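Student: The following comprises the amino acid sequence and a computationally predicted model.
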Amino acid sequence: MAKHLPVRTMADVKEPLVLFLIGMRINTFWRVWEWLPSFLAMGPMIVELYKNPELGFLSARTEMAGRTITVIQYWKSFEALEAYAANSERKHRPAWTAFYKRATSGTGAVGIYHETYVIRPGEVESFYADMPANFGLGGAVGSVPVGPRTESARERKG
């Protein structure tokens with residue numbers, strides 16, 4: 001577990017980037033053979049992305065809440081995310097194709113979703129107090145100390 005920093009910081013967003021949320025919801029727990037492949041597919045993709053920074057991936061973390069698993073990802077651009085998703089030589093495309101084939105069975109045992117947001121300098125606000133340096137947006141792009149001119153959320157937003 002990463003050690004927390006005893007300081008107040010904010011993400012240092014200097015260029016546009018992408019926040020990508022991707023996840024799954026287990027609708028029928030007992031149909032393990034239908035949702036487990038989707039669950040297991042994400043780990044190798046994340047490993048592949050961390051090993052290949054030229055793909056434009058910055059960082060990720062996984063959150064679990066009840067039946068829903070969400071992977072929060074940061075990317076350099078929408079184009080980089082789109083190129084990775086479409087590349088049949090990488091792990092995502094074959095996993096997506098396999099999921100789609102399973103999903104057409106119509107049982108609805110597992111749902112998937114994704115949401116994509118473009119983050120631009122001056123249009124985002126963040127704050128971290130006593131958090132690890134590698135957490136969230138600040139972990140993806142770096143962080144700077146909160147100072148006298150960035151005390152409020154409005155000031156941090158720019």
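Tutor: Noted; the coordinates are in hand.
Student: Which of the residues in stretch 47-66 are classified as buried?
Tutor: For stretch 47-66, a neighbour-count test (16 or more other C-beta atoms under 10 Å) marks 49, 55-60 as buried. In short, each C-beta sits where N, CA and C put it, glycine included.
Student: quick one, what contacts the residue lying closest to L19 once chain neighbours are set aside?
Tutor: Residue nearest to L19 in three dimensions, not counting chain neighbours: Y117, with 4.4 Å by C-beta to C-beta, 6 or more residues apart in numbering. Listed by C-beta atoms under 8 Å, 6 or more residues apart in numbering, the contact set of Y117 reads 18-21.
Student: Give me the buried subset of those.
Tutor: Buried members of the contacts of Y117, scored by 16+ other C-beta under 10 Å, are 18-20.
Student: rewinding a little: show only the entries of the buried residues of stretch 47-66 found in strands.
Tutor: Residues of the buried residues of stretch 47-66 located in strands (DSSP state E): 57-60.
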